[in-house]
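Visitor: what follows is a predicted structure for the sequence shown.
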Amino acid sequence: MAASLVAPDTHSPTEDAEALRKAFKGWGTDEKAIISILGHRNEFQRKQIRQAYEELYQEDLIKRLESELSGDFEKAVYRWILDPADRDAVLANVAIKKAETDYHVIIEISCILSPEDLLAVRRAYHCRYKRSLEEDVAAHTSGDLRKLLVALVTAYRYAGHEINERLAKSEADILSDAIKDKAYNNEEVIRILSSRSKAQLIASFNRYRDEHGTSITKNLLGDSDVGTLQKALHAAIRCISDPRKYFEKTVRNAIKGNGTDEDALTRVIVTRAERDLKDIKELYYQRNSVSLDHAVAKETAGDYKAFLLTLLGKED
Amino acid sequence: MAALPNELEALTKAFSGHGIHEQALVSILGKWQPEERKSFRKGSPHFFVEDERNFERWDEHHVRLLKHEFVRFKNAVVLWTMHPWERDARLAKEALKKGPQYSYGILIEISCTRSAEELLGARRAYHSLFDHSLEEDVAHHINGSERKLLVALVSAYRYEGSKVNNDAAKSEAKTLFNAIKDANKRKPIDDEEVIRVLTTRSKPHLQALYKHYKEISGKNIDEDLNADLRLKETVQCICTPQKYFSQVLNTSLKRDVDKNTKKALTRVIVTRADTDMKEIKEEYNKLYGVSLSQKIEDTANGNYKDFLLTLIARGG
């Protein structure tokens, strides 16, 4: 797991807070300074800067940034400055509130995070919104998608590595039958995907591939019209088995074609910069023969672009 | 010399009911000569059968029952000393092994009467003890309509603050009222909105809903759910837990109940002694016109009885 973020080993929260204050003063905002500081600090450092700023100026740095910045740049910096669990809670809420719930975000959070990290997001959600994550997901979705999403966000998977081979086979068979019969809303499918440990699931997916010669995700999509539930199941399986490939595709889709999906692009870069964005960049290059930095630079502009490139690891 | 009738009676009582009257056994049995013991065997056809080879044989079934009674005190002690997380995890596991009649009620009890953090703790302990997640085992062992309810209940991490959206509580009370009214068309437990509300909303929200429901229906929601035992228990555990526990205690204290129902006495007292035992005692008195201590005094024996009485006397 390789992060793309470039951050110094030591920093002075006070100096950083003062420099940020200076960037806010006077006419306009010195966005470059903001990017060069915040874009080079990890989550602990950013937390210290927020504390130092609060102590020095009796003001919430986050609120200040919200008022000083705007557009996609502001959204990106806002997400970046939050604690990871709080950030994911915000991302989940934004996704839920959309006219059609952006189930990808819910699936990413519930399937990629470790069980403990998912719990942290649920706590952060309680704190921020005074409701549980599952109650909001349930209230804004319906039918089979609701069943899947609620089951995924409420899971507290066993985190051990033990695998039961017999179970892997029998559950691979259940999944296989469901796919063959196009019975994607089969209760068993949701049960298996939302309750088994990741190790157990990967064993089942491997078993499936051994039996069928193709990956379960390929067969899941098939070649005819693909419904929402199918796509959601596909995303869930991808996130569980190979999150980096999943993110590469997300970012590729966000950039390609007409227009850019800034929400998705920001989300991947901001949430993975300190985790595995470097690996995602390598996958991107392998797949597309052009670096992600290059693609992002072409499709975005201004401070937003500069910020994203910084998180991608560009040296100043 | 034959055993005295009052001693016979005392001994029979010492072996019956909940737990064993150890002192009676010591003081009566201990001093009996062979003649008295013989007359005990001859005079207790429910304990001893006349064997064809001319001797009075212990009824094996009864010896097994005796074993349970002797061990009742030990089980209470072990359960009492356990960390609440381990306790709930083990109770849940045991319930799953016992089949629908007992398991569903206990799972509902644990998931609905514990706080969000206590339930989470139980899930953690379950990981450690059994190398699986609680929800995966519940989903694997339970089928049908109850599975959806139970998996969702054990997975819940409800918001614990007091903030309630009263409009939502009112409208959801109406939703539940309609679902219950249409029970002939579809069982409420199969209604996804019923499940959503009961398994994701916070307890304060559901308590507000309980009040609104009464205004709409004239009756309490659990009274209207008589046809749906599991939903009824769910609502009772969340909204009127002391009433629920009083009922469970009352049933467990009856004579001639099966061993699993009897175990509820230990379970409820040990798990509530630190929480709401005072309120449960009050509710019990209100419902049954007799104090819980008196009922335990009349029904239980020996160290087991003394232990329970001590537990419930704590804190007034």
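Guide: Structure received. Fair warning: this is a prediction, and the values are worked out from it, not measured in the lab.
Visitor: close to chain A: what parts of the stretch 51-200 of chain B are there?
Guide: With the criterion set to Cβ under 8 Å from any Cβ of the partner chain, the stretch 51-200 of chain B comes near chain A through B:120, B:123-124, B:127, B:131-136, B:139-140, B:147-148, B:151-152, B:155-161, B:163, B:192, B:196, B:199-200. C-beta: built from backbone N, CA, C; applies to glycine.
Visitor: count of residues packed around the residue lying closest to residue B:120 once chain neighbours are set aside?
Guide: Among residues not flanking residue B:120 along the chain, residue B:157 sits closest, at 6.3 Å (Cβ to Cβ, 6 or more residues apart in numbering or on different chains). Counted with other Cβ atoms under 10 Å in any protein chain shown, residues neighbouring residue B:157 total 24.
Visitor: how does the chain divide into domains?
Guide: This is for chain A. Residue ranges for the domains of chain A, per automatic domain parsing: A:13-68, A:84-153, A:165-241, A:244-311.
Visitor: that's the wrong chain, I meant chain B
Guide: Taken from automatic domain parsing, chain B resolves into B:5-70, B:85-157, B:158-239, B:243-312.
Visitor: export those domains to CSV and tack on mean pLDDT?
Guide: CSV is the format used below for the domains of chain B (pLDDT from 0 to 100):
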stretch, mean pLDDT
domain B:5-70, 89
domain B:85-157, 95
domain B:158-239, 96
domain B:243-312, 94
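Visitor: just say which of those domains is most tucked in.
Guide: domain B:85-157 (a mean of 20; mean count of other Cβ atoms under 10 Å in any protein chain shown).
Visitor: wasn't residue B:50 part of a strand?
Guide: Yes: Residue B:50 sits within a strand when classified using DSSP: H, G, I helix; E, B strand; the rest coil.
Visitor: how about residue A:112, phi and psi?
Guide: Note on residue A:112: its backbone torsions stand at phi -90, psi -40 [degrees, to the nearest 10].
Visitor: okay if I get the domains of chain A as JSON lines plus mean neighbour count and distance to residue B:267?
Guide: Shown next, in JSON lines, are the domains of chain A (neighbours: other Cβ atoms under 10 Å in any protein chain shown; distance: least, Cβ to Cβ, whole Å):
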{"stretch": "domain A:13-68", "mean neighbour count": "16", "distance to residue B:267": "44"}
{"stretch": "domain A:84-153", "mean neighbour count": "21", "distance to residue B:267": "27"}
{"stretch": "domain A:165-241", "mean neighbour count": "18", "distance to residue B:267": "26"}
{"stretch": "domain A:244-311", "mean neighbour count": "19", "distance to residue B:267": "44"}
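Visitor: which of those sits closest to residue B:307?
Guide: domain A:84-153 (36.0 Å; Cβ to Cβ).
Visitor: quick one: is the closest one near chain B?
Guide: Yes: contact of domain A:84-153 with chain B (Cβ under 8 Å from any Cβ) involves A:119, A:122, A:126, A:130-135, A:138-139, A:142-143, A:146-147, A:150-151.
Visitor: narrow the residues you listed to those in helices?
Guide: Using DSSP state H, the members of these that fall in helices are A:119, A:122, A:126, A:133-135, A:138-139, A:143, A:146-147, A:150-151.
Visitor: tell me the contacts of residue A:176?
Guide: A:208, A:211, A:212, A:216 (Cβ atoms under 8 Å, 6 or more residues apart in numbering or on different chains).
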